[in-house]
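Visitor: need a 3D model of the following:
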Amino acid sequence: MHTSFQARLVVRRTQIYLSEQEHEGLRVLAQRSGRTQSALIREALDVFLQRQEAGGRLARLREGRGLWSQRNDLPEWDALRRELDR
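Guide: Now for the predicted structure:
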């Protein structure tokens, strides 16, 4: 037996203003991807909102902690600072 499930989202209609360049870029991307412009805008907004969450930024910073700690090809900080101060 096959059961079909379709998630139902409650959505609200809104209106935005786009520049010609934004509108054309969105139109081309929608055409290339086979997705609607609305779906692309919702996806971009979801990503933006996740990045703006208070814990989201801190979590990304923590993920990057020590990222370059094993690198030995980086200049010494004091020498670099003196060079930039010249």
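
Visitor: only C-alpha atoms for contact and neighbour calcs from this point on.
Guide: Fine.

Visitor: what's downstream of the helix or strand of the chain with the lowest mean pLDDT, the next helix or strand?
Guide: Least confident helix or strand of the chain, by mean pLDDT, DSSP states H and E, is helix 54-64 with a mean of 77. Per DSSP states H and E, helix 54-64 leads on to helix 77-85 as the next helix or strand towards the C-terminus.

Visitor: return the distance of that next one from the chain's centre.
Guide: Once both centres are worked out by C-alpha atoms, centre = their mean, to the nearest Å, helix 77-85 turns out to sit 33 Å from its chain's centre.

Visitor: which element is the residue most central in space within the chain on?
Guide: The geometric centre of the chain, computed from its C-alpha atoms, lies nearest to residue 47 (C-alpha atoms, centre = their mean), at 5.0 Å. Assigned by DSSP H and E, residue 47 falls within helix 37-52.

Visitor: do the same with residue 35
Guide: Residue 35 belongs to no helix or strand when elements are defined using DSSP H and E.
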